[in-house]
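# okay, predicted coordinates and the sequence, questions at the end:
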Amino acid sequence: MMENIIQDFIVLWVVIDPIGSVPVFISHTTRLTPTQKKQTALKASITAFFILLFFLSLGQIILDAMEIPLESFQIAGGLVLLYFAFTMIFGESKPESEMSMQDKKVDVAIFPLAVPSLASPGAMMAVVLLTDNSTFSLIEQLQTVGIMLVVIAIAWLLLRGAGKIQQWIGNSGAAIVSRIMGLILASVALNSILEGIKIYFKL
């Protein structure tokens, strides 16, 4: 039981990536007040949790109804994740697109913080796979929900402390961390694509 809990925690920690969300949060909340930043962190965390809960509860049902195999969802999720990783690696530190999003009053708590930073395609895929109805019991699925809540709570705490982290590492440090995490994210995304292809073609 404990081994399964630890394993699920590690998987969800990697795909949700609370630490990797910190530079994303910093870069998209530079113009917000401290109070607005706290509200944004809370809203992003709550939104991400309910999005993942939706996929955990209904993801497999929807995929089965549409006759979409999990490996196809895995490949598609990996491609989207890979695109996002490229934007982190090759994008400018303060791209004009971010400024235009703020001008249009796009809620950064929803995009890109809740989706795809916290509730990434990889995280959506992971919660579906970790709660496969044919493999896991209801108790085990509820256990996964609890673990997911813990990881999201940690992410919320890290986002709340993003200001102090920014003061410590500075804007240049945040940009470096963002690109390093983007490279790691690209590796995870590519692995997801290759695993999906391997399963789909039974290689």
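Looks like it arrived, so ask away. Keep in mind it's a predicted model, so treat the numbers as computed, not measured. Numbers count the residues shown, from 1 in each chain.

# what helices and strands are in contact with whichever strand or helix holds residue 83?
Using DSSP states H and E, residue 83 falls within helix 70-90. Helices and strands touching helix 70-90, by 3 or more Cβ pairs under 8 Å, 6 or more residues apart in numbering; DSSP states H and E, are helix 34-65, helix 121-130, helix 162-200. For glycine as for every other residue, the C-beta is placed from the backbone atoms N, C-alpha and C.

# how close does the residue lying closest to residue 114 once chain neighbours are set aside get to residue 176?
What sits nearest to residue 114 in space, not counting adjacent residues and going by Cβ to Cβ, 6 or more residues apart in numbering, is residue 47, at 3.8 Å. Per Cβ to Cβ, to the nearest Å, residue 47 is found 28 Å from residue 176.

# where does pLDDT dip in this protein?
Within the chain, the set of residues satisfying pLDDT under 70 comprises 92-106, 170-171, 174, 177-178.

# tell me which of the helices and strands packed on helix 70-90 sits most buried.
Most buried of the helices and strands packed on helix 70-90 by mean neighbour count (mean count of other Cβ atoms under 10 Å) is helix 121-130; its value is a mean of 24.

# C-alpha coordinates for the helix or strand following that helix, PDB please?
For helix 121-130, the following helix or strand on the C-terminal side (DSSP H and E) is helix 138-160. Taking C-alpha atoms only, helix 138-160 is exported to PDB below (Å, rounded to 0.1, in the frame of the first residue of the first chain):
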ATOM      1  CA  LEU A 138     -12.600   2.600  -5.800                       C
ATOM      2  CA  ILE A 139     -10.500   2.900  -2.700                       C
ATOM      3  CA  GLU A 140      -7.300   3.100  -4.800                       C
ATOM      4  CA  GLN A 141      -8.900   5.800  -7.000                       C
ATOM      5  CA  LEU A 142      -9.900   7.800  -4.000                       C
ATOM      6  CA  GLN A 143      -6.300   7.400  -2.700                       C
ATOM      7  CA  THR A 144      -5.100   8.900  -6.000                       C
ATOM      8  CA  VAL A 145      -7.500  11.900  -5.500                       C
ATOM      9  CA  GLY A 146      -6.000  12.500  -2.100                       C
ATOM     10  CA  ILE A 147      -2.400  12.400  -3.400                       C
ATOM     11  CA  MET A 148      -3.400  14.700  -6.200                       C
ATOM     12  CA  LEU A 149      -4.800  17.200  -3.700                       C
ATOM     13  CA  VAL A 150      -1.500  17.100  -1.700                       C
ATOM     14  CA  VAL A 151       0.600  17.800  -4.800                       C
ATOM     15  CA  ILE A 152      -1.700  20.700  -5.800                       C
ATOM     16  CA  ALA A 153      -1.600  22.100  -2.200                       C
ATOM     17  CA  ILE A 154       2.200  22.000  -2.400                       C
ATOM     18  CA  ALA A 155       2.100  23.800  -5.700                       C
ATOM     19  CA  TRP A 156      -0.200  26.500  -4.200                       C
ATOM     20  CA  LEU A 157       2.300  27.000  -1.400                       C
ATOM     21  CA  LEU A 158       5.200  27.400  -3.900                       C
ATOM     22  CA  LEU A 159       3.200  29.800  -6.000                       C
ATOM     23  CA  ARG A 160       2.400  31.900  -2.900                       C
END
